[in-house]
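Engineer: attaching a predicted model along with its sequence, questions to come.
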Amino acid sequence: MTGFSPDEMMTVAAARALSSRDVCFVGIGAPSAACNLARLTHAPDITLIYESGTIGTAPQVLPLSIGDGELCDTAVTTVPVPEMFRYWLQGGRITVGFLGAAQLDRFGNINTTVVGDYNAPKVRLPGGGGAPEIASSSQQIFITMKQSKRSFVPKIDFFTSFGHGNGGSHRQDLGITTAGPSLLVTDMAVWRPDPVTKEFTVISLHPGVTLQDMADTVGWTIRYSDAMTETPAPTAEELEVLRALKARTQAAHNREVAS
Amino acid sequence: MTGFSPDEMMTVAAARALSSRDVCFVGIGAPSAACNLARLTHAPDITLIYESGTIGTAPQVLPLSIGDGELCDTAVTTVPVPEMFRYWLQGGRITVGFLGAAQLDRFGNINTTVVGDYNAPKVRLPGGGGAPEIASSSQQIFITMKQSKRSFVPKIDFFTSFGHGNGGSHRQDLGITTAGPSLLVTDMAVWRPDPVTKEFTVISLHPGVTLQDMADTVGWTIRYSDAMTETPAPTAEELEVLRALKARTQAAHNREVAS
Amino acid sequence: MTKFCSLKDAIGTHVRPGMTVAFEGFTHLIPHAAAHETIRQGIGDLTLIRMTPDVIYDQMIGMGLVRKVVFSYAGNPGVGLLRRLRDAVENAWPRPLEIEEHSHAAMANAYEAGAAGLPMAVFRGYLGAGLKAVNPNIRSVTCPFTGEELAAVPAIRPDVSIIHAQKADKQGNVLIEGIVGVQKEAVLSARAAIVTVEEVVERLDAHPNACVLPHWTLDAIVEVPGGAHPSYAHGYYDRDNAAYLEWDQIAADRDAFKEWMQRHVLDADEAIFATRANRIVGAA
Amino acid sequence: MTKFCSLKDAIGTHVRPGMTVAFEGFTHLIPHAAAHETIRQGIGDLTLIRMTPDVIYDQMIGMGLVRKVVFSYAGNPGVGLLRRLRDAVENAWPRPLEIEEHSHAAMANAYEAGAAGLPMAVFRGYLGAGLKAVNPNIRSVTCPFTGEELAAVPAIRPDVSIIHAQKADKQGNVLIEGIVGVQKEAVLSARAAIVTVEEVVERLDAHPNACVLPHWTLDAIVEVPGGAHPSYAHGYYDRDNAAYLEWDQIAADRDAFKEWMQRHVLDADEAIFATRANRIVGAA
């Protein structure tokens, strides 16, 4: 794995799944980098929406928070937060909602609420924010996060947002009409749910990643696709654009801190 | 009745009931003239709201429709119509809602929907518009309209908006917490509801109006207050401001038509 | 972007007989030119939704293109009644007209619910009001916290919504300014949306919180200067009050109505709107 | 107008121990100066409402002034966890903290319902989500048209809402621009509302559809330049990201926290905000 980091591979692989026709509900961190990389490469007309109300935003640098001023400055329009959740998310206009997780299970269920018991938590995490309804109202959900035994767990401590539940038709059984988690991009692999069981299945390993690396970082018995391939390495253009974006971001944030 | 018309007296008497602390939901016609006269005389800080979404408007001339451009040009802010009905009317912020009627009964119930049967009407009127919820959500309701046997009827054909129902506590019995019709100003008299029965009672006759004039124009047996007085005639200032407003209005609308 | 097109194509592609269509605009920005094109194409059996039916629905009803109208105030604003609508309701001329009648609050909430992807709107309304007894689409829900009974109406979900706006930029983002009414909600609640605009500009240069519809929420955009006349377009031309007064005369008589429609709608095209609006630009 | 007053008077007059208070601002325009004044006055036993508790609630909780917090995302945006809130929830330090936890959609809808005078908000939410099982204020209503079960939460009705905005005019009308969040709803849902502003100007000169709160919806207005720092005021100064990162260190340790609060809050006054914001104006 020379010439690029696992983190860069993760961002590039997530970005490739997006197109100019997508309307993305973007979260901070990895999703924001992937969405903006897509916009700056193969998906120039992608619409990026942040839950602060900024619609069609095109920041020069990655924001530190979901409400940075540049998101508003470069947006087509900025709407009140109740409207964002009512007209734009609940209205069914989001094609891809991006989520991360503190804990994730093999059916794409997510916990960002507590480690331990809800009423006496070992660790009180930030909570769901927009996630419970992003998970149910977006046409599909992409999850992007690094693999580790602490986060890829057999059983999550709290259902912050619902993925495929126990798998199979559990989602439809609850009256949820959207597709749910349809892609998981990590620092090691690309996963997609099995069409029937809905269990996340590895469809490609990033260059250099071994099955042992996988077993060491995932808390359940991993299913691999029969047609598993190697994730194509980042192209020179992808890396160049991503690194320039990160460099601009770093410079901008350092300038702010310094001034 | 020299020096002013019944129509002028009606407008002036209605205007006097308003203060700078009022937030009025204004209708077109007589209410608009009364509200703007109040603003231009004793109630400069009155807030006028039109259902088109204009809040705190101060037109130089009376608008022909509830959505004329000048209402927006002179407003503190203009909001979408759903917000108008949710945050501003239903939110309980309107101190006085103004209504007119095609038919009115002695309890302030209003019909602007049909003459005759709803499903086979003799005359199909415009309908309620904002009136059903103006009647229930405004802190109080002022009604202003000319008296005639055709409109002041013993029984209205359709309950477009609810006043005091059958009187007494009927309003509270339906779970309506606002005061309802608390003033009726006509071209002949000022009426207020009896505190107990809620039947409109004449509290003052305009100068020159006789009991016979009243009986000729009202379709029920009129109740007069024991303390009935004569409505003070319009002052020179009131007439001057009202006539100037009407003249400006006429000139503006003629100019538009001519051009 | 292929969504910029002619008015003929926009209406012809998206509006079909039997559809449920909302032409919105609250006094301001009423899409007259689009309504006239619909009449010229003779697209009938329509269910029309609109808070304030106004002159355009009077015209479409009088031309026999309307099966049902969903509304909350059927008047000629500042003038009086809608005479073609009355003739249809009272005398079934030129055909019977089904009506579904609401209050403004109900319609505004129902558009909002449609835009929000909900099946119904919940609000405090219709207390003691007669429409509850004649409209089966007025129901109620009970608040599980306070026990209060609130009104419920179905969300509005038109097949097509049609509005007029001030500007589109080259990408197809649309700006609505001034009295914005329920136009945003009408567009977002519909399966397809057509916008006519006064002009197409390079950039909107709009205030960050202005009412802007992103291009991907719209299906067709047509530049029709004056397309709201005799309604108005804030910043372009004023309301033509004389035309509203004049309509009261025209619509009073079936023959006068038919003659007017032949001459000004059927035998015309949307180019006449620029001319009409120009006559009143002076007052804007 | 007597509503322009000092920050001390605004907080002292309207905020009382035991009240339910919302300090709102969605990343942008967070009313830090007003929160610090509340801390200085030692007004305690508060129920605090806020979608994203952020640093100000971490500070108020750490100072022991908070009985309960109603929230949907308790993080330090772009940084991580809120360590004082965690310490209160996990270790009851300095006192036990009751929590009522929602999703953003629920909170946004609940503010909207509060502004709209409704007892509850209805939305499509919490499907399959765990909060339903631990929060008795998440209930449901059934759509009487489709049978769909929708989520219901009580409307938010704070005793006092406190926000920061860009400008007030001399009459007391207030303009909020940029990311407007839920501030309008917070003000309109509350029994009393306090606004701190960057500046008071003669006229707002706002776009007709800008987010403006008319003077009669507000109870107190205070000019506090820089009053949102380390959050930001669009058009005035940028977000001080360094201060958010620094907070993570300060809040990690109870003593470091207490020392910082003594020096920068208890022994200070709101004048320091202008100085702090000025440091980062260059980036705005």
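Structural biologist: Right, received. Where do you want to start?
Engineer: okay, the nearest residue to A:Thr74 once chain neighbours are set aside: pLDDT?
Structural biologist: With sequence-adjacent residues excluded and distances taken as CB to CB, 6 or more residues apart in numbering or on different chains, A:Thr74 is closest to A:Ala58, at 4.6 Å. The C-beta positions use only the backbone N, C-alpha and C, and glycine is treated the same way. We have a pLDDT of 96 for A:Ala58.
Engineer: packing partners for the longest strand along chain A?
Structural biologist: Across chain A, the longest stretch assigned as strand under DSSP state E is strand A:223-230. Using 3 or more CB pairs under 8 Å, 6 or more residues apart in numbering or on different chains; DSSP states H and E as the contact test, the elements touching strand A:223-230 are strand A:200-205.
Engineer: picking that back up, the longest strand of chain A: partners in the sheet, and parallel or antiparallel?
Structural biologist: strand A:200-205 (parallel) (DSSP bridges).
Engineer: go through the next helix or strand after the partner strand and flag the buried ones.
Structural biologist: Next in sequence after strand A:200-205, counting helices and strands by DSSP states H and E, comes helix A:211-217. Going by neighbour count (16 or more other CB atoms under 10 Å in any protein chain shown), the buried part of helix A:211-217 is A:213-214, A:217.
Engineer: need the contact partners of helix A:211-217.
Structural biologist: Residues from elsewhere that reach helix A:211-217 (CB atoms under 8 Å, 6 or more residues apart in numbering or on different chains): A:147-149, A:152, A:188-189, A:202, A:205, A:222.
Engineer: again, only this time at 10 Å
Structural biologist: Residues from elsewhere that reach helix A:211-217 (CB atoms under 10 Å, 6 or more residues apart in numbering or on different chains): A:6, A:146-152, A:186-189, A:202, A:205-206, A:209-210, A:221-222, A:224.
Engineer: drop anything exposed from those residues.
Structural biologist: The neighbour count (16+ other CB under 10 Å) marks A:6, A:147, A:151-152, A:186-189, A:202, A:205-206, A:209, A:222 as buried among those.
Engineer: so which elements touch the least confident helix or strand in chain A by mean pLDDT?
Structural biologist: In chain A, the helix or strand scored least confidently by mean pLDDT, DSSP states H and E is helix A:236-258, which has a mean of 86. Helix A:236-258 sits against helix A:6-16, helix A:30-40, helix D:241-250, with contacts defined as 3 or more CB pairs under 10 Å, 6 or more residues apart in numbering or on different chains; DSSP states H and E.
Engineer: what is the mean pLDDT for the second one?
Structural biologist: When you say that, I think you mean helix A:30-40. 95.
Engineer: what's the angle from that helix to helix A:6-16?
Structural biologist: Per axes from the mean of the first three to the mean of the last three CA atoms, to 10 degrees, the angle that helix A:30-40 makes with helix A:6-16 is 60 degrees.
Engineer: so what does helix A:30-40 touch, helix or strand wise?
Structural biologist: So helix A:30-40, by 3+ CB pairs under 10 Å, 6+ apart, packs with helix A:6-16, strand A:23-26, strand A:47-50, strand A:96-99, strand A:140-144, strand A:181-185, helix A:236-258.
Engineer: make JSON lines out of these and add distance to B:Pro232.
Structural biologist: JSON lines is the format used below for those (distance: least, CB to CB, whole Å):
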{"stretch": "helix A:6-16", "distance to B:Pro232": "77"}
{"stretch": "strand A:23-26", "distance to B:Pro232": "63"}
{"stretch": "strand A:47-50", "distance to B:Pro232": "60"}
{"stretch": "strand A:96-99", "distance to B:Pro232": "66"}
{"stretch": "strand A:140-144", "distance to B:Pro232": "70"}
{"stretch": "strand A:181-185", "distance to B:Pro232": "74"}
{"stretch": "helix A:236-258", "distance to B:Pro232": "67"}
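Engineer: sorry, back to before: the least confident helix or strand of chain A vs helix A:30-40, what angle?
Structural biologist: Relative orientation of helix A:236-258 and helix A:30-40, computed by the same axes, to 10 degrees: 120 degrees.
Engineer: for helix A:236-258, output the C-alpha coordinates as CSV.
Structural biologist: Taking Å, rounded to 0.1, in the frame of the first residue of the first chain, the C-alpha atoms of helix A:236-258 are listed here in CSV:
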residue,chain,number,x,y,z
ALA,A,236,-3.3,10.3,-9.7
GLU,A,237,-6.1,12.9,-10.2
GLU,A,238,-8.1,11.7,-7.3
LEU,A,239,-5.1,11.9,-5.0
GLU,A,240,-4.1,15.3,-6.3
VAL,A,241,-7.5,16.8,-5.8
LEU,A,242,-8.0,15.2,-2.4
ARG,A,243,-4.6,16.3,-1.2
ALA,A,244,-5.1,19.9,-2.5
LEU,A,245,-8.5,20.0,-0.7
LYS,A,246,-6.9,18.8,2.5
ALA,A,247,-4.0,21.2,2.2
ARG,A,248,-6.4,24.2,1.6
THR,A,249,-8.4,23.1,4.6
GLN,A,250,-5.4,22.9,6.8
ALA,A,251,-4.1,26.2,5.7
ALA,A,252,-7.4,27.9,6.2
HIS,A,253,-7.9,26.5,9.6
ASN,A,254,-4.4,27.3,10.7
ARG,A,255,-4.9,30.9,9.5
GLU,A,256,-8.0,31.1,11.6
VAL,A,257,-6.3,29.8,14.6
ALA,A,258,-3.3,32.0,14.2
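Engineer: I appreciate the help and will end here.
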